[in-house]
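Engineer: next comes the sequence, and after it the predicted model I'd like to discuss.
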Amino acid sequence: METLTPTEVAKILKLHPFSVTRLARQKKLPAFKVGGVWRFQKDQFERWIEQLANGHPTPRVNRKKRTRS
């Protein structure tokens, strides 16, 4: 599995890395955290870009919501 960093995604999207992490937190970008650092699975990110290019509205990422105990 190839992953991208927020900085790499920011360069692709021409955004600031902080904007990329904000979008990941808002579940607007497909991402996950490893050791407190955001990572983006390359193939999921590419599919997300294709959906945008094909005129689909900004896709939301389906993630399980955490439940508090």
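Structural biologist: All right, it came through fine. No experiment lies behind these values; they were computed from the predicted model shown.

Engineer: list the contacts for Pro6?
Structural biologist: Pro17, Val20, Thr21, Ala24, Trp38, Phe40 (C-beta atoms under 8 Å, 6 or more residues apart in numbering). All C-beta spots, glycine's among them, are computed from the backbone N, C-alpha and C.

Engineer: read off the pLDDT value for it.
Structural biologist: pLDDT recorded at Pro6 is 96.

Engineer: gap between it and Arg25?
Structural biologist: 11 Å (C-beta to C-beta, to the nearest Å).

Engineer: Gln41 now?
Structural biologist: Taken as C-beta to C-beta, the span from Gln41 to Arg25 is 17 Å.

Engineer: more crowded one of these two?
Structural biologist: Gln41 (16 against 12; other C-beta atoms under 10 Å).

Engineer: tell me the strands beside the longest strand anywhere in the chain, with direction?
Structural biologist: Determined from DSSP state E, the single longest strand within the chain is strand 37-41. With DSSP bridges as the test, strand 37-41 is paired with strand 3-4 (antiparallel), strand 32-34 (antiparallel).

Engineer: and of the ones you listed, who's closest to Lys11?
Structural biologist: Taking C-beta to C-beta, strand 3-4 is the member of the strands paired with strand 37-41 nearest to Lys11, at 9.5 Å.

Engineer: pLDDT below threshold where in the chain?
Structural biologist: Along the chain, segments meeting pLDDT under 70 span 57-69.

Engineer: returning to that earlier point: export the strands paired with strand 37-41 to a markdown table and tack on mean neighbour count and distance to Ala53?
Structural biologist: A markdown table is the format used below for the strands paired with strand 37-41 (neighbours: other C-beta atoms under 10 Å; distance: least, C-beta to C-beta, whole Å):
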| stretch | mean neighbour count | distance to Ala53 |
| --- | --- | --- |
| strand 3-4 | 18 | 18 |
| strand 32-34 | 11 | 23 |
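
Engineer: check contacts around Gln39.
Structural biologist: Gln isn't right for residue 39; it's Arg. Thr3, Leu4, Thr5, Ala31, Phe32, Lys33.
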